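Chemist: quick one: sequence and predicted model below, then my questions.
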Amino acid sequence: MTADPMARWVAIGQGVTVAVMLAGAALIALTGADAKTPASPNATSRAASSTIGRTWPIAEPDAMAEIEARVATLPRDMMKQFGPRSKWSALRAASLGVAPTDRTRTVIPFHTLEFDIKLPDGRMLYPKGYSFNPLTYLKLPQRLVIVHPRDLNWALKAARPTDFLIVTAGDAIELTERTGRAIYLLEERVKERLGLTVAPVIVTQAGPRLVLTEVGPRTRGVRPVPLARQEGLK
């Protein structure tokens, strides 16, 4: 599968974006609340199960095998139908400025519901326009290291094995193949949700807040970029 360009694209497409994690997981937590109060981050649920009567194993097809089988039916030259990867809209990243110095700040990624959430009997649980902090209900499993492509070598050395590496430009597929590590593109909605303005920046969760650690040139061990040149280097 890895030798097929289309298969590599399918693999890259399986990456989970931060926006989906923040909004989706929070909605799951909200829909588990009762009709009067928001779900508590300390709330727990327990369930017991027992087996009655005869049981049979359930045989389900392997998801990866299904993906590989589907990819195998696609034309080898399918990518030619879409033109050069440089023109693919899916590979266009959101831009950021250049971090001029070390700085740490915090952000609360409030989310506002775009639709009503109702109980099965029709009673309103959470109305459209209700705002909440997704970090009240979930914990990000890793840090996010967001860099300009020219700082990727620094990021590869500074990042932990579990960190997500995200770039503000370039070909994520090519960078993944070249470095041997999954590289993701910064999406505009992630940029807005996290309140990002410059890179490199390392995003970590501290309770109900995100801590944004912006990394300046001195810490990265590079010469500062003059303001007049920063626009052309994004």
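Modeler: Nice, I can see it.

Chemist: tell me what the closest residue to R92 other than its chain neighbours is bridged to.
Modeler: Distances taken as C-beta to C-beta, 6 or more residues apart in numbering place L185 nearest to R92, at 7.6 Å, with adjacent residues excluded. Where you see a C-beta, it was placed from the backbone N, CA and C, and this is true even at glycine. L185 has these beta-bridge partners by DSSP bridges: V167.

Chemist: distance of V198 from Y126?
Modeler: 34 Å (C-beta to C-beta, to the nearest Å).

Chemist: which residues touch the residue nearest to R92?
Modeler: 91-93, 166-167, 170, 172 (C-beta atoms under 8 Å, 6 or more residues apart in numbering).

Chemist: and the pLDDT for it?
Modeler: On the pLDDT scale, L185 is placed at 91.

Chemist: what ranges does this structure have for its strands?
Modeler: 97-98, 103-107, 111-112, 117-118, 124-126, 131-132, 144-147, 164-167, 183-185, 198-199, 201-206, 209-214 (DSSP state E).

Chemist: between those, which one is closest to R220.
Modeler: strand 144-147 (9.2 Å; C-beta to C-beta).

Chemist: list the buried residues in that closest one.
Modeler: 144-147 (16 or more other C-beta atoms under 10 Å).

Chemist: out of those residues, flag the one nearest to G180.
Modeler: Closest to G180, out of all of the buried residues of strand 144-147 and judged by C-beta to C-beta, is V145, at 16.1 Å.

Chemist: isn't the closest one right up against I166?
Modeler: Yes. Using C-beta atoms under 8 Å, V145 makes contact with I166 at a distance of 6.9 Å.

Chemist: picking up where we left off before, distance to R189 and pLDDT for the contacts of L185 - can I get that in TSV?
Modeler: Shown next, in TSV, are those (distance: C-beta to C-beta, whole Å; pLDDT from 0 to 100):
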residue	distance to R189	pLDDT
L91	16	67
R92	13	77
A93	12	83
I166	13	94
V167	16	94
G170	19	85
A172	16	85
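
Chemist: residues contacting T168?
Modeler: 93-96, 146-149, 186, 199, 234.

Chemist: want to try TSV for those residues, with distance to E177 as columns?
Modeler: Formatted as TSV, those follow (distance: C-beta to C-beta, whole Å):
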residue	distance to E177
A93	17
A94	22
S95	23
L96	24
I146	20
V147	18
H148	19
P149	14
L186	19
A199	22
K234	23
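
Chemist: quick one: which of the residues you listed is nearest E214?
Modeler: Nearest member of the contacts of T168 to E214, counting by C-beta to C-beta, is A199, at 7.9 Å.

Chemist: poorly predicted segments of the protein, please.
Modeler: For the chain, applying pLDDT under 70 flags the ranges 1-53, 58, 78-91, 222-234.

Chemist: tell me where it has helices.
Modeler: 5-12, 18-31, 63-72, 152-158, 172-179, 188-194, 217-220, 227-233 (DSSP state H).

Chemist: most neighbours out of the contacts of L185, which is it?
Modeler: I166 (27 neighbours; other C-beta atoms under 10 Å).
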